[in-house]
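Engineer: okay, here's the prediction I keep looking at, along with the sequence it came from:
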Amino acid sequence: RVNTARTTPIAPVQPSANPEPEVTPPPKPRPSSLMFLPESVLEKKIKAIDDRKTFRLADFHDKVMVINIWASWCGPCRTEVPEYERVRKDYAGNDDVEFIGLTVDDSVDAPKVARFVRETGFSFRLGWAEEDMARVLMNNRGSIPQTLVIDRSGAVVSHWDGYARGHNGSRLKAAIENAL
């Protein structure tokens with residue numbers, strides 16, 4: 001004979017007729033999309049990394065601009081540069097596209113930056129991004145690398161952050177073609 005415990009059936013629990021609303025925190029606001037580069041960013045003098053000269057983004061107002069924001073300590077940046085260099089070479093001789101790399105490194109780290117540039121073969125027009133300029137270009141996103149493609153009218157046609165191995169080069173090329 002099997003001994004089974006006798007249990008009293010439990011009545012089903014009915015949901016409340018007037019339940020309390022579930023309290024969920026409001027979603028964190030995302031930074032609004034950067035549609036155009038502000039005049040203050042376009043006119044800001046940028047100190048070049050290699051020769052101490054300056055340039056402004058406004059100097060390239062009639063071109064499609066590729067702006068890559070990077071740092072010498074950023075592993076994904078180091079991996080991304082060769083892909084972007086292949087794209088840059090595809091546009092060599094095309095005066096309609098300007099490739100600009102802006103580092104968020106502090107200028108006291110110039111030797112590290114120079115080593116990064118040399119080791120990666122980074123040959124964009126390179127400059128130091130001051131904090132306020134970087135914040136605007138990065139649209140208050142804290143991650144790097146970031147890439148922006150700006151058309152001739154100054155509109156941001158593409159902006160992404162991060163690195164996807166084997167895909168950023170084709171993504172960049174498509175964004176440039178869209179901007180042209």
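Structural biologist: That came through fine.
Engineer: quick one, helices of the chain?
Structural biologist: With helices called from DSSP state H, the chain shows them at 39-43, 75-90, 110-120, 131-137, 168-179.
Engineer: right, and the ones you listed - which one's nearest Asp96?
Structural biologist: Each of these has some distance to Asp96 by Cβ to Cβ; the shortest is helix 168-179, at 9.2 Å. (C-beta placed from N, C-alpha, C; glycine too.)
Engineer: can you pull the buried residues of that closest one?
Structural biologist: Within helix 168-179, the residues that count as buried by 16 or more other Cβ atoms under 10 Å are 168-169, 171-173, 175-176, 179.
Engineer: repeat that for stretch 33-49.
Structural biologist: Neighbour-count burial for stretch 33-49 flags 34, 37, 41-42, 44, 46, 49 (criterion: 16+ other Cβ under 10 Å).
Engineer: which residues touch it?
Structural biologist: With Cβ atoms under 8 Å, 6 or more residues apart in numbering as the test, stretch 33-49 has contacts from 53-58, 61, 102-103, 107, 110, 113-114, 117, 125-130, 133, 136-137, 139, 148, 150, 154-156, 159.
Engineer: can you give me the pLDDT of the most centrally placed residue in the chain?
Structural biologist: With distances taken as Cα atoms, centre = their mean, the residue of the chain nearest its centroid is Gln146 (1.9 Å). We have a pLDDT of 95 for Gln146.
Engineer: for the one 10 residues further on, same thing?
Structural biologist: Among the per-residue scores, Val156 holds a pLDDT of 94.
Engineer: was I right to think it contacts Thr147?
Structural biologist: No: the criterion here is Cβ atoms under 8 Å, and Val156 misses it with Thr147 at 10.8 Å.
Engineer: ok, these two, which is more surrounded?
Structural biologist: More crowded of Val156 and Thr147, by other Cβ atoms under 10 Å: Thr147, with 23 against 19.
Engineer: for the more buried one, list each beta-bridge partner.
Structural biologist: With DSSP bridges as the criterion, Thr147 is bridged to Asn68, Trp160.
Engineer: how much space between it and Val108?
Structural biologist: In this view, Thr147 and Val108 are 26 Å apart by Cβ to Cβ, to the nearest Å.
Engineer: please apply the same query to Val156.
Structural biologist: From Val156 to Val108 the distance is 31 Å (Cβ to Cβ).
Engineer: Asp96 too?
Structural biologist: In terms of Cβ to Cβ, Asp96 sits 36 Å off from Val108.
Engineer: higher neighbour count, those two?
Structural biologist: Asp96 (12 against 8).
Engineer: quick one: contacts for Phe116?
Structural biologist: 72, 78, 122.
Engineer: hmm, back to that, and of the buried residues of helix 168-179, the nearest to Met65?
Structural biologist: Ala179 (8.6 Å).
Engineer: perfect, that will be all.
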